[in-house]
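> how does the following fold in three dimensions:
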Amino acid sequence: PYHYRCRWAKIVRGRRSARDLPSSCAACALSLFLSLATSSAASSDESSPLNWTQLPDLPEPLGFAGALSGGCDDKLVFAGGSNFPFPTWTSTKHFDDRVWTLGGDISWTWELSSVVLPAPTAYAACGSISGQVVCAGGQTPDGIINNTFAIPCDLTALRPLPSMPVPTAFASSAVLGGELWVLGGDTGTGPNATTNVWVLDAQLSQWRAGPPLPTARKLSLAVVHANSLYMMSGRRQDEGRKPEFLKDCWKLNDSAHVESASLRTPRHSLQMWPSRSEAAWERCASLPAVVMAGTVGVLNNRIFTMGGDDGAHFGMVSPDNPGYPKMACVYDSYEDAWSSAGSTPEGFVTTTAIPWQDGLVLNGGEVKPRVRTNHTWLVRSIEVPTRRRRRQRWTLWRRRVRSAVEPGSHKAGFNAHGSY
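All right, here's what the predicted structure looks like:
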């Protein structure tokens with residue numbers, strides 16, 4: 001401990017020279033110096049809380065954007081996707097139907113499965129549910145589809161599921177309550193984006209309508225954190241108008257989730273959401289920047305967005321395009337605040353952050369219009385919780401416990417896929 005009346009404090013303020021420092025205070029001075037150095041290092045870590053490790057590249061050199069992906073037992077599944085063969089700037093977009101797996105152990109080995117997709121597909125809504133990767137909608141060479149199926153973890157025959165009520169691609173998705181939620185997207189008809197929310201109960205094999213989004217959008221990001229569904233950013237474009245790039249963030253009210261679950265109906269029937277849905281979504285703090293088509297995940301109890309298109313070079317499809325921003329943002333749900341989380345190794349869009357152990361795995365994506373990457377990354381949070389954050393988490397934990405035992409008490413609180 002520091003000496004309460006140590007002259008070192010006066011020296012620090014410039015009121016005495018170092019010669020006036022008593023020898024008995026030498027330990028105090030050294031301790032103070034070391035504490036300041038440690039504090040500085042901690043601040044540096046706090047400003048860049050992500051650690052990136054490069055894993056083996058996908059054996060396909062061109063890489064893919066909009067792959068269908070998810071975690072599956074002891075491996076990760078990446079299927080389909082799109083790219084532009086050489087010559088990159090004049091070729092027709094290629095859609096793939098192959099299924100790749102990446103062993104999630106120390107070897108991190110890629111393998112090509114004998115299973116193939118029903119059709120070459122990209123930009124579907126995906127989620128890992130009960131030992132399978134569920135895929136809904138997407139885009140093929142023939143257009144936007146409503147096909148739905150599951151890729152089992154043992155990579156045997158694909159399991160067909162009821163088709164989506166409406167063909168949808170470029171939607172965001174997340175798994176909430178064991179169900180796949182598909183948010184917004186493009187239906188290929190009418191407006192450029194939609195407010196539709198569709199919920200798939202994979203066990204009952206039925207779709208139902210969820211609470212519509214506050215505004216229409218596609219290429220948004222969605223994630224579940226602390227049993228709450230968050231949706232953010234994206235793009236919309238009304239007929240005859242310029243594209244509108246969004247950086248707003250919304251949280252699905254817990255009561256809306258409960259009401260949605262109550263709408264489960266007999267097998268193969270579809271129940272529409274009631275008209276009283278204005279308050280289903282609660283507005284959160286807006287992001288520091290537009291991150292449409294980026295990726296999102298939860299690390300260290302906070303939401304991180306990585307990559308994304310800020311719209312600065314939208315429509316610039318040429319080699320002169322510098323690429324998408326290499327940025328990461330972090331959201332603290334306790335304080336309802338966003339901040340910068342440093343940079344990413346690549347500026348990618350239309351890829352997915354798959355939760356894996358204590359980190360997230362990302363593969364592929366588009367780094368500039370028409371250009372894909374085959375790189376694979378494992379990202380972890382290296383942030384050391386401060387005393388303030390530990391206190392916040394303790395308060396949050398107490399609120400959750402209280403909400404579980406006291407009815408009516410306060411309850412604290414994939415990405416999607418232009419050229420993409």
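> if I look at residue 342, how far off is residue 363?
Relative to residue 363, residue 342 is positioned 21 Å away (C-beta to C-beta, to the nearest Å). C-beta: built from backbone N, CA, C; applies to glycine.
> do residue 69 as well
Counting by C-beta to C-beta, the separation of residue 69 from residue 363 is 7 Å.
> same check, this time on residue 214
Taken as C-beta to C-beta, the span from residue 214 to residue 363 is 32 Å.
> higher neighbour count, the two?
A count of neighbours by other C-beta atoms under 10 Å puts residue 363 above the other of residue 214 and residue 363, at 27 against 16.
> what bridges to that one?
Counting by DSSP bridges, residue 363 is bridged to residue 376.
> helices and strands around the helix or strand containing residue 134, which ones?
Assigned by DSSP states H and E, residue 134 falls within strand 132-136. Counting by 3 or more C-beta pairs under 8 Å, 6 or more residues apart in numbering; DSSP states H and E, the packing neighbours recorded for strand 132-136 are strand 68-72, strand 75-79, strand 125-128, strand 148-152, strand 159-161, strand 179-183, strand 197-201.
> identify the contacts common to residue 69 and residue 363.
76, 78, 351 (C-beta atoms under 8 Å, 6 or more residues apart in numbering).
> so for the last one, what's the pLDDT?
In other words, residue 351. Predicted confidence (pLDDT) for residue 351: 98.
> pretty sure it is touching residue 364, no?
Yes. Residue 351 is within contact range of residue 364, at 5.4 Å (criterion: C-beta atoms under 8 Å).
> next up, the contacts around residue 224.
Contacts of residue 224 by C-beta under 8 Å, 6+ apart are 174, 175, 176, 230, 298.
> try 10 Å this time
Taking C-beta atoms under 10 Å, 6 or more residues apart in numbering as the contact definition, residue 224 lies against 127, 174, 175, 176, 177, 181, 230, 252, 298, 303.
> just the buried residues of these.
Burial by neighbour count, 16 or more other C-beta atoms under 10 Å: within the contacts of residue 224 this picks out 127, 174, 175, 176, 181, 230, 252, 298, 303.
> now the residues you listed in TSV, with distance to residue 370 and pLDDT?
Converted to TSV, those look like this (distance: C-beta to C-beta, whole Å; pLDDT from 0 to 100):
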residue	distance to residue 370	pLDDT
127	28	97
174	28	97
175	31	97
176	34	95
181	31	97
230	31	98
252	35	95
298	31	97
303	30	97
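> beta partners for residue 78?
Going by DSSP bridges, residue 78 forms beta bridges with residue 69, residue 100.
> all strands for the stretch 301-420 of the chain, in order.
With DSSP state E, counting those that start in this stretch as the criterion, the stretch 301-420 of the chain has strands at 302-306, 328-332, 337-340, 354-356, 359-363, 366-368, 371-372, 376-381.
> could you dump these into a markdown table with distance to residue 132 added?
Below are those laid out as a markdown table (distance: least, C-beta to C-beta, whole Å):
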| stretch | distance to residue 132 |
| --- | --- |
| strand 302-306 | 25 |
| strand 328-332 | 29 |
| strand 337-340 | 34 |
| strand 354-356 | 14 |
| strand 359-363 | 18 |
| strand 366-368 | 27 |
| strand 371-372 | 26 |
| strand 376-381 | 22 |
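> ranges for the helices of the stretch 301-420 of the chain?
Under the criterion DSSP state H, counting those that start in this stretch, helices of the stretch 301-420 of the chain are mapped to 387-405.
> listing request: residues of the chain with sub-threshold pLDDT.
In the predicted model, the chain carries pLDDT under 70 at residues 1-48, 255-279, 383-419.
> the most centrally placed residue in it: helix or strand, and which one exactly?
When C-alpha atoms, centre = their mean is applied to the chain, the residue found nearest the centroid is residue 296 (1.5 Å). Using DSSP H and E, residue 296 sits within strand 295-299.
> tell me the strands beside that strand, with direction?
Counting by DSSP bridges, strand 295-299 is paired with strand 302-306 (antiparallel).
> tell me the angle the strand it pairs with makes with strand 359-363.
Relative orientation of strand 302-306 and strand 359-363, computed by axes from the mean of the first three to the mean of the last three C-alpha atoms, to 10 degrees: 20 degrees.
> in the sheet, who's paired with the residue nearest to the centre of the chain?
residue 305.
> against residue 374, how distant is it?
According to C-beta to C-beta, residue 296 and residue 374 sit 22 Å apart.
> burial count for residue 124?
By other C-beta under 10 Å, neighbour count at residue 124 equals 33.
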